[in-house]
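>>> Let me see the structure of the following:
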Amino acid sequence: MSRILVQDALAATAPRDSLLLQGWVRTRRDAKAFSFIELNDGSSLRGIQIIANATLPDYAHIERVTTGAALEVRGKLVPSQGQGQKWEVIADAFTIVGEADATYPLQKKGHTMEFLREIAHLRPRSNLFGAVFRVRSRLAFAIHQFFQDKGFFYIHTPIVTASDCEGAGELFRVSTLDPKNPPKKPDGAIDYQQDFFAKPTYLTVSGQLEAEIFACALSNVYTFGPTFRAENSNTSRHAAEFWMIEPEMAFCDLQGDMTLAEEFVKYLIRDAKEHCAADLEFFGKFVDKELLKRHDFVLERPFQRCTYTDAIQILETCGRKWEHPVKWGDNMQSEHERFLAEEHFKCPVTVYNYPRTLKPFYMRVNDDGRTVTAMDLLVPGIGEIIGGSQREERLEVLRESMAQHKLSEKEYWWYLDLRRFGTVPHAGFGLGFERMLMFVTGVGNIRDVIPFARTPGTAEF
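Numbering: from 1, shown residues only. Below you'll find the model as predicted:
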């Protein structure tokens, strides 16, 4: 007999005389002549109720069927006599596959998020984290579906790179040199010619620059992979390792870039509502009571667009006292972004044309010389969820921007070549996958939407 998943048993349209279930025990409740066991295998939020009669040959071992134990059950699927469930299983036999002793930490009580982070190897078995990671899996699939349906090609960009795409210097170095005794040049500097790649290399902060290479050959491409920032930031929105989705489009300007970003966000929310309804309902009940309303809020309203200059004027004249003062030329903080989306525009908003001094070298300079064709998409509850731009396709302007950022043309020779050989207007953006998951689930900390968080001082599991 082949195994049936709990989600399929719960969705059955007719009783079954025999079925095989395998999963983990959530709870066991004993009566005089039988026991109720809730079994869950991770395929759905809800478990299924198993009724084990005292007449079963294995019933003598029922005390070993404890919370956390792995169990195999053979039995009949029958209409449930209880409230709130359509089906239950009358066990013909059960086998304890793996026992769980009394130290099993996920008992039927409330646990803090901090405690659950300490047992990240067990937290996926909880209701909350099972739901989070089912949604994560579905959204990853939806991302590929969105781009594949539009004719984009999926590109694998390198994890180890010699390029600092963002120019912020927050890089993890990759090296095989002996840190206690590295080879030195005559001037005392470390001789990276003797390192594995014969030059300084790092974990990537973005696949964008490499994606531009492929956009200039295949037209529309996207990356979806891990990225890394050695940023000593202990906030609820930052992690040292996270996943990014980065489309890149040839023959595309800033307007087309913003349109795709807005369409992408709506697509992912709509897909989650369609395919993860039970999990989202759970989040709406236990994590964020405004969640489902906020999803509809984003889906039903057209996104607003606003220049950075106008956004700063709105923030300066709104009468609000800010924790971080606002002035033209400064980065907007989360409090500013959320005010624009949640209170001023009362819908998602795309802010564009940022000061040139705030942004990386590759963004296209506007005719005013002061701003670049950058855009950030802001959503209620999170703030910035997407950042992108039209790229600088003009060789001489790019060289000037690189000089301003003190970047070596020798190191980026291949990037300049793209502007020499058939250059075209092109644009793209990056969506932080975990930020999107925070918005979709209502979970407030990035550490709780990635299986194993990597943050300053923490690299467990």
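>>> outside of stretch 223-230, which residues touch it?
With contacts defined as CB atoms under 8 Å, 6 or more residues apart in numbering, stretch 223-230 is touched by 140, 143-144, 154-157, 159, 168, 170-172, 203-208, 210-211, 238, 240-246, 433. For glycine as for every other residue, the C-beta is placed from the backbone atoms N, C-alpha and C.
>>> List buried residues within those.
Buried members of the contacts of stretch 223-230, counted by 16 or more other CB atoms under 10 Å: 143, 155, 157, 170-171, 203-208, 210-211, 238, 240-246, 433.
>>> Which members of the residues you listed are positioned in strands?
Counting by DSSP state E, the buried ones among the contacts of stretch 223-230 place Leu203, Glu241, Phe242, Trp243, Met244, Ile245, Glu246 in strands.
>>> Nearest to Ala453, out of these: which one, please.
Among these, Glu241 lies closest to Ala453 (CB to CB), at 8.1 Å.
>>> If I follow the layout properly, that closest one ends up in contact with Arg454?
Yes: counting by CB atoms under 8 Å, Glu241 touches Arg454, with 3.9 Å between them.
>>> ok, back up a step: dump the ones in strands among the buried ones among the contacts of stretch 223-230 to CSV, plus distance to Ile314.
Below are these laid out as CSV (distance: CB to CB, whole Å):
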residue, distance to Ile314
Leu203, 38
Glu241, 35
Phe242, 30
Trp243, 32
Met244, 29
Ile245, 29
Glu246, 29
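>>> Dump the residues you listed into a markdown table; add pLDDT as well.
Formatted as a markdown table, those follow (pLDDT from 0 to 100):
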| residue | pLDDT |
| --- | --- |
| Leu203 | 95 |
| Glu241 | 94 |
| Phe242 | 95 |
| Trp243 | 97 |
| Met244 | 97 |
| Ile245 | 98 |
| Glu246 | 98 |
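>>> which of these lies closest to Ala33?
Using CB to CB, these come closest to Ala33 at Trp243, 51.2 Å.
>>> can you pull the contacts of that closest one?
Counted by CB under 8 Å, 6+ apart, Trp243 has contacts Phe224, Gly225, Pro226, Thr227, Gly432, Phe433, Glu434, Ile450.
>>> same check, this time on Gly329
Taking CB under 8 Å, 6+ apart, one finds Pro355, Thr357, Leu358 in contact with Gly329.
>>> Ok, Pro183 next?
Leu177, Ile190, Asp191, Gln194.
>>> what's the answer for Pro302, then?
Cys347.
>>> Could you measure from it over to Phe429?
Applying CB to CB, to the nearest Å, the value for Pro302 to Phe429 is 19 Å.
>>> residue ranges with poor pLDDT in the protein?
The chain contains residues with pLDDT under 70 at 165-169.
>>> hmm, who's touching the lengthiest strand in it?
When the chain is parsed with DSSP E, its longest strand is strand 16-30. The contact list for strand 16-30, computed with CB under 8 Å, 6+ apart, reads 1-4, 6, 9, 35-42, 47-48, 50, 62, 65-77, 89, 92, 97, 100, 108, 125.
>>> Could you identify the buried members of the contacts of Trp243?
So, by 16+ other CB under 10 Å, the buried ones in the contacts of Trp243 are Phe224, Gly225, Thr227, Gly432, Phe433, Glu434, Ile450.
>>> so can I have a markdown table of those residues showing distance to Asp58?
What follows is those, written out as a markdown table (distance: CB to CB, whole Å):
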| residue | distance to Asp58 |
| --- | --- |
| Phe224 | 47 |
| Gly225 | 47 |
| Thr227 | 50 |
| Gly432 | 49 |
| Phe433 | 45 |
| Glu434 | 44 |
| Ile450 | 40 |
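>>> of those residues, closest to Leu395?
Nearest to Leu395 among the buried ones among the contacts of Trp243, with distances taken as CB to CB, is Thr227, at 27.6 Å.
>>> Just say helix, strand or coil for the closest one.
strand (DSSP: H, G, I helix; E, B strand; the rest coil).
>>> Need the nearest residue in space to it, chain neighbours excluded.
In this structure, Thr227 finds its nearest non-sequential neighbour in Met244, 4.7 Å apart by CB to CB, 6 or more residues apart in numbering.
>>> picking that back up, would you write out the PyMOL command that picks the buried residues out of the contacts of strand 16-30?
In PyMOL syntax, the buried subset of those is picked out as below (16+ other CB under 10 Å):
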select buried, resi 4+6+9+35+37+38+39+40+41+42+47+48+50+62+65+66+67+68+69+70+71+73+75+77+89+92+100+125
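>>> Need the phi and psi values for the residue with the largest distance to the centre of the chain.
Distance from the centre of the chain peaks at Thr55, with 48.9 Å (CA atoms, centre = their mean). Backbone torsions for Thr55, taken as degrees, to the nearest 10, come to phi -80, psi -10.
>>> that older thread, the residue nearest to Thr227 pairs with what?
With DSSP bridges as the criterion, Met244 is bridged to Gly225, Gly432.
>>> thought it was touching Ala211?
No: counting by CB under 8 Å, Met244 sits too far from Ala211 to count as a contact (10.5 Å).
>>> need the strands for the stretch 1-150 of the chain, in chain order.
16-30, 34-40, 48-53, 70-79, 87-98 (DSSP state E, counting those that start in this stretch).
>>> nearest to Asn366, of those strands?
Here strand 34-40 is closest among the strands of the stretch 1-150 of the chain (CB to CB), at 54.9 Å.
>>> What angle do strand 87-98 and that closest one make with each other?
Here the directions of strand 34-40 and strand 87-98 differ by 80 degrees (axes from the mean of the first three to the mean of the last three CA atoms, to 10 degrees).
>>> mind listing what strand 34-40 pairs with, with the direction of each?
Checking strand 34-40 against DSSP bridges gives partners strand 16-30 (antiparallel), strand 48-53 (antiparallel).
>>> Save these as CSV, and put in distance to Leu116 too.
Putting the strands paired with strand 34-40 into CSV (distance: least, CB to CB, whole Å) gives the following:
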stretch, distance to Leu116
strand 16-30, 16
strand 48-53, 24
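>>> For those, state which one has the densest average packing.
strand 48-53 (a mean of 21; mean count of other CB atoms under 10 Å).
>>> ok, back up a step: how much space between the residue farthest from the centre of the chain and His61?
14 Å.
>>> next one: Thr95
From Thr95 to His61 the distance is 9 Å (CB to CB).
>>> again, but for Glu460
35 Å.
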